[in-house]
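>>> Everything below, folded, please.
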Amino acid sequence: MLRSLRNLLVLLLCVAARPALAQSGGELHFCLHGEPKTFNPILVDDEPSENIRYLTGGVLIRLNRQTQALEPGLATSWRVSKDGRSIIFHLRKGLHFSDGTAFTSEDVAYTMRLLMDPELHSPTGDAFRSSQGTVGIQTPSGEIVTITFPAPVAGLERLFDQVAILSAHSPQKEMAVLGPFYVSEYKAGSYVQLRKNPNYWKHDAQGRALPYLDGIRLDIQRNRDIELLRFRRGELQLINRLDAEYFQRLRQQDPGAARNAGAGLDAEEIWFNQSPAAPLPEYKKQWFRMTEFRRAVSAAINREDISRIVFAGYAKPAYGPVSPANRFWFNSALPQPKYDPQAALRLLAEAGFSFENKELRDRAGNRVEITVVTNSGNAVREKMATMIQQDLSQIGIKVNVVTLDFPSLIERMTRTFDYEACLLGLVNTDLDPNGQMTVWLSSGENHQWNPSQKTPATPWEAEVDRLMQEQAVALRDKDRKKAFDRVQQIVYEQQPFIYLINQDALSAISPSVVGAAPTVLNPQAFWNVDVLRLGQASVLGARK
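As a prediction, this is how the structure comes out:
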């Protein structure tokens, strides 16, 4: 009898030790914070579309978000030539797209030709544009492809983490994928439904097909309060990026679900519209083009207060385009951002502005009044905008804040240019500066203050173009860093983007999600989605 009780006790302990009784199958639920602009991975330049690309796109090489090392993907191996101009891939055999179409070197060639087509203006393709000229592609067999660029591309292999391979022959075009999931249904404004790709090539150590999950439902939800409420109810199992206020709230209510991966790479910034196409009064365009004006605004913003009040301490003042968390590429010689409204007023006086009766006026007597737009439903940015409004009032600048739904905001930023200043964040998907080519090249789509320039509008932008292209072809990391350090210094001096804070990498993950290991690289919480499982605790409403 005693032995039976002991055996029963051992059995119970073994069952209790299993992590949430993880099992294959089930559907993971989380949210996109905006409408995806495209399902074509070549044209992705927004976070919702980027998340879908990561979940559905098959890539030749994958950057492991945890180890930051490169791993084989659709290619079993690769080799970069000594001159840095060519890369040869050996592809996996016998793979198929989600619709059953065979995968061969022709698909890689097709994808690269689209990526580098100047008519498509692919943001991903910008990272490969180290110089003018065409890209040569050879496919001596179905399993080998060689890609040759007109000039060396530094860190070439790392860039392929962002290149989802398209099918050259599938009638489904970009909807045929090689990643762990495919888009099975999309209802605008409501959700994107993903289903398990039955032809996904990966298997676990026991030989079982991945992914473990049957599907993912991505609800389109901009309201973070509703998102957190649904997470607490158990209707969502994951929040990839959590703002500090919600993280603090969740940490008090459910500390096991609040996950902080440490100092993050992403920044929040404000910039002024310098596009010649902007339908703004000429005198305002003149303000925005003045280096002294931009530097004065930067000096007048109290970043420490923003970090402390808006982010509850889960953020640090930002130096510039690279977070200190990116240890190799960060320019540690940059001065720490300093709050100094008196220095701001001196800069403005040097530029011809006058400060009287708590109002700032330009040489012509125009009151300095600007409107800052940001996305609606984002309480953090709304609070940041309010604090910026208060800070700039101390140097006589009147700030109006307007919130817009994300599609309307993107429309103004990229098509009509009908805005004066914008408060937003840019997501860093790569540690390497080549991943930011579309931001810093004056011809880039995401050169946000004045995008898609035919020729550089200013000498300093021309210098940044030269430096970015120089680092992109240099073969030694030491030389690349020297060039990119100078880019960071120019950005610090010119303030085209006024960087405000780097937020910690915060996420929320239900205990029912087994295998989650959040990182500072995006996507923070689901980078290893193909091995995530749902335990029995994932029953809706399980949370108290």
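
>>> Thought residue 418 was touching residue 277, still the case?
No - with contacts counted by CB atoms under 8 Å, residue 277 stays clear of residue 418, the gap being 9.6 Å. Where C-beta positions appear, they are placed from N, C-alpha and C, glycine not excepted.

>>> Provide the count of other residues in contact range of residue 414.
16 (other CB atoms under 10 Å).

>>> what ranges do the strands span in the stretch 251-400 of the chain?
258-272, 315-317, 354-356, 359-361, 369-375, 398-404 (DSSP state E, counting those that start in this stretch).

>>> Can you mark which positions in the first one are buried?
Going by neighbour count (16 or more other CB atoms under 10 Å), the buried part of strand 258-272 is 258-261, 263-272.

>>> quick one: that strand to strand 369-375, angle?
140 degrees (axes from the mean of the first three to the mean of the last three CA atoms, to 10 degrees).

>>> if we can go back for a sec, could the strands of the stretch 251-400 of the chain be laid out in JSON lines, adding mean pLDDT?
Shown next, in JSON lines, are those (pLDDT from 0 to 100):
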{"stretch": "strand 258-272", "mean pLDDT": "91"}
{"stretch": "strand 315-317", "mean pLDDT": "92"}
{"stretch": "strand 354-356", "mean pLDDT": "95"}
{"stretch": "strand 359-361", "mean pLDDT": "98"}
{"stretch": "strand 369-375", "mean pLDDT": "97"}
{"stretch": "strand 398-404", "mean pLDDT": "97"}
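
>>> need these in a markdown table with distance to residue 42, can you?
A markdown table is the format used below for the strands of the stretch 251-400 of the chain (distance: least, CB to CB, whole Å):
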| stretch | distance to residue 42 |
| --- | --- |
| strand 258-272 | 23 |
| strand 315-317 | 33 |
| strand 354-356 | 49 |
| strand 359-361 | 45 |
| strand 369-375 | 25 |
| strand 398-404 | 27 |
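
>>> right, so of those strands, which gets closest to residue 442?
Of all the strands of the stretch 251-400 of the chain, strand 258-272 sits nearest to residue 442, with 14.5 Å by CB to CB.

>>> neighbouring strands for that closest one, and are they parallel or not?
strand 421-426 (antiparallel), strand 497-509 (antiparallel) (DSSP bridges).

>>> Which SSE is immediately downstream of the longest one?
Per DSSP states H and E, the first helix or strand lying C-terminal to strand 497-509 is strand 513-514.

>>> pLDDT of that next one, averaged?
Strand 513-514 shows a mean pLDDT of 96.

>>> Now for the residue positioned nearest the centre of the chain: which residues touch it?
Centroid-nearest residue in the chain: residue 427, 2.6 Å away (criterion: CA atoms, centre = their mean). Contact partners of residue 427, counting by CB atoms under 8 Å, 6 or more residues apart in numbering, are 47, 50, 266, 522.

>>> Which ones among these lie within strands?
residue 266 (DSSP state E).

>>> Please tabulate the contacts of residue 427 in a markdown table, including the columns distance to residue 408.
A markdown table is the format used below for those (distance: CB to CB, whole Å):
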| residue | distance to residue 408 |
| --- | --- |
| 47 | 16 |
| 50 | 20 |
| 266 | 23 |
| 522 | 24 |
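
>>> and which of the contacts of residue 427 is nearest to residue 182?
Out of the contacts of residue 427, the member with the shortest distance to residue 182 (by CB to CB) is residue 50, at 16.6 Å.

>>> contacting residues for the residue lying closest to the closest one once chain neighbours are set aside?
Nearest non-adjacent residue to residue 50, counting by CB to CB, 6 or more residues apart in numbering: residue 44, 5.3 Å away. Counting by CB under 8 Å, 6+ apart, residue 44 touches 37-38, 50, 53, 123-124.

>>> Most neighbours of all the residues you listed, which one?
residue 53 leads the contacts of residue 44 on contacts (other CB under 10 Å) with 26 neighbours.

>>> my guess is that one meets residue 43, correct?
No - taking CB under 8 Å as the definition, residue 53 is not a contact partner of residue 43, at 9.9 Å.

>>> Give me the secondary structure label for residue 225.
Look at residue 225: counting by DSSP: H, G, I helix; E, B strand; the rest coil, its state is helix.

>>> count of neighbours near residue 521?
23.

>>> Give me the pLDDT for it.
pLDDT, residue 521: 86.

>>> Equivalent analysis for residue 544, please.
What the model reports as pLDDT for residue 544 is 35.

>>> Residue 426 too?
For residue 426, the model assigns a pLDDT of 75.

>>> in the sheet, who's paired with it?
Note on residue 426: beta-bridge partners residue 267, judged by DSSP bridges.

>>> check contacts around it.
Per CB under 8 Å, 6+ apart, neighbours of residue 426: 266-267, 269, 439, 446.

>>> ok, now residue 297?
Neighbouring residues of residue 297 by CB under 8 Å, 6+ apart: 270, 344, 392, 397, 495, 498.

>>> could you redo the last one with a cut-off of 7 Å?
By CB atoms under 7 Å, 6 or more residues apart in numbering, the contact list for residue 297 reads 392, 498.

>>> Report pLDDT for it.
98.

>>> Relative to residue 290, how far out is it?
As judged by CB to CB, to the nearest Å, residue 297 and residue 290 stand 10 Å apart.

>>> So what's the residue count around residue 404?
17.

>>> That one reaches residue 378, doesn't it?
No - assessed by CB atoms under 7 Å, residue 404 is found out of contact with residue 378, at 10.7 Å.

>>> Might one say that residue 504 is in contact with residue 316?
No - proximity of residue 504 to residue 316 does not meet the contact threshold set by CB under 7 Å, at 8.3 Å.

>>> tell me, what's touching these two both at once?
Common neighbours of residue 504 and residue 316 (CB under 7 Å, 6+ apart) are residue 263.

>>> ranges for the strands of the stretch 1-150 of the chain?
Going by DSSP E, counting those that start in this stretch, the stretch 1-150 of the chain shows strands at 27-32, 61-63, 70-72, 75-80, 86-91, 136-141, 144-148.

>>> Appreciated, that's everything.
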